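Chemist: any chance you can model this:
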Amino acid sequence: MSLKATLQQRISSTQALLQQVQQLCPGVEGHQKLCGKLRAELRFLRRVECGELQVKESHLHSTNLTHLTAIVDSAQSLDHVVALLHVFTYQDASGRRRTLLVDVVANGGHTWVKAVGRKAEALHNIWQGRGQFGDKSIIRQAEEFLQASRQQPVHYQHPHVVFAFYNGVSSPMVDRLRDMGVLVRGDIVAVSSVKVEEEELAEGDWEEEEEEERDGEEHAYEEAAAPHTQVDRGTVVAHLEFPLQVEVEECQRVNLDITALITYVSSLSHGRCHLTFREPVLTEQAAQERHEKILPQLDAFMEGKQLFACRAAVHDFQVILDTLGGPGEKERAHMLLSRLHLVDDQPSERTKRLTPSAKINRRSMMIFGTGDSLRAVTMTANSRFVRAAANQGVHYSVFIHQPRALTEGKEWRATPL
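Modeler: Residues are numbered from 1 along each chain as shown. Coordinates of the predicted model:
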């Protein structure tokens, strides 16, 4: 195929992929970042087309399009995608702060996907120490993914790591990845033994030793495993497709904060929402309730689980209830509190390290920190605290719902719809 024909093919493919992405997961974190990468790719190809840039045909085949296509395909194949091209922060074995780019975060955060576009031959050669200087093997990348995932639990479970290969992967590499606990998708191809000259092998060993010194780590080089082998792309021994069945054990503990307690007993949540209040915020909440009832959502999440509340939450809830609550709301509060396990305030160690601010007050730290110590999911409408804590690197397990205020005492001056 000529350079011009290859170029036109790449432009058409990039345009089609961009249209595909624009309809995929709109509103999901990283959606615009992925669109931006595709637009940058398109600009590059357009510059080549109009003669601004002179490139060889091989350069067109080594653009980012293969990897971007793999990301889109992975996102389309998975359920409940919550982020694309998300950067996680973690600490390596020496305590240094590192960042890791995850192509697709799916299943509500329980699945991390790395989409791999490189050919099976190149991946296998790098793994065996026959790559170019600076190439990082898939096995090394898998170690980083696993290390980071162990520091980013979702509802107290480590995310599953999936490597999706879109140009094949050798069977020995798959065996190694599975032994590590990484799930694999894509064509698994066979390998055959090859004879390696002693000089070449010695040179490869020297390069590996030098790289170990550069890294400053004693790293076990599976890549140097003998005998050396080469990929036989013509022999596909297995094909593993999406969708991916990931077993997620639901957390059976729920920690209710003040906003959840108030929402659960609110008159608005119990049918008294066909009113216009003098207070605009209450009128807005009433409209939200008419559009989407909150109580069935809370009941469904709480069903069959152990319910907890800490003393700080219950104390402040009781003060608010005594001040603003109506008879029905107080009665429902009594019934709700009788269902809960009341526990002492016991904030987790990572909560104690948070820096207080306008959005991170001591009361919220007690409540969310106690839920963290209990390994419970905190049910809350306080999304401001959750975001502020996340900005400081503390990600809580939460079920966020819309707020409802205590309104029974204000119904007498509200206007029925």
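Chemist: wait, what's in contact with residue 416?
Modeler: 274-276 (CB atoms under 8 Å, 6 or more residues apart in numbering). All C-beta spots, glycine's among them, are computed from the backbone N, C-alpha and C.
Chemist: tell me which of those residues is nearest to residue 268?
Modeler: residue 275 (8.6 Å; CB to CB).
Chemist: give me the phi and psi for the residue nearest to the closest one when sequence neighbours are not counted.
Modeler: Excluding the flanking residues, the one nearest residue 275 by CB to CB, 6 or more residues apart in numbering is residue 414, at 4.1 Å. Torsion angles at residue 414 (phi, psi; degrees, to the nearest 10) stand at phi -90, psi 160.
Chemist: and if you look at residue 394?
Modeler: Here residue 394 shows phi and psi, under degrees, to the nearest 10, equal to phi -110, psi 110.
Chemist: still on that earlier bit, any idea how far residue 36 is from the residue nearest to residue 275?
Modeler: Separation of residue 414 from residue 36 (CB to CB, to the nearest Å): 48 Å.
Chemist: which one's more surrounded, the two?
Modeler: residue 414 (18 against 12; other CB atoms under 10 Å).
Chemist: pretty sure residue 168 is touching residue 190, no?
Modeler: No: using CB atoms under 8 Å, residue 168 is not in contact with residue 190, being 10.3 Å away.
Chemist: for this protein, what spans make up the strands?
Modeler: With DSSP state E, the ranges of strands along the chain come out as 83-91, 97-106, 111-116, 160-165, 169-170, 183-193, 229-240, 253-256, 275-276, 306-310, 341-343, 377-380, 398-400, 415-416.
Chemist: still on that earlier bit, can I get the contacts of residue 416 in CSV with distance to residue 116?
Modeler: Output for those, formatted as CSV (distance: CB to CB, whole Å):
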residue, distance to residue 116
274, 55
275, 57
276, 57
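Chemist: among these, the buried ones, what's the ChimeraX command?
Modeler: Filtering the contacts of residue 416 down to the buried ones (16 or more other CB atoms under 10 Å) takes a single ChimeraX command:
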select :275
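Chemist: before we move on, back to that, and the strands of the chain, which one is worst for confidence?
Modeler: Ranked by mean pLDDT, those bottom out at strand 229-240, with a mean of 80.
Chemist: which residues are contacting that strand?
Modeler: Contacts of strand 229-240 (CB under 8 Å, 6+ apart): 120-121, 124, 128, 168, 170-172, 184-194.
Chemist: ok, of those residues, which come out buried?
Modeler: 120-121, 124, 128, 168, 170-172, 184-191.
Chemist: sorry, back to before: what's the most buried one of the strands of the chain?
Modeler: Among those, ranked by average contacts under mean count of other CB atoms under 10 Å, first place goes to strand 169-170 (a mean of 28).
Chemist: find the nearest non-adjacent residue to residue 266, please.
Modeler: residue 404 is the one closest to residue 266 (CB to CB, 6+ apart), at 3.9 Å.
Chemist: was I right about the one you found contacting residue 287?
Modeler: No: counting by CB under 8 Å, residue 404 stays clear of residue 287, with 11.8 Å between them.
Chemist: so between these two, which is more surrounded?
Modeler: Using other CB under 10 Å, the more surrounded residue of residue 404 and residue 287 is residue 404, with 27 against 12.
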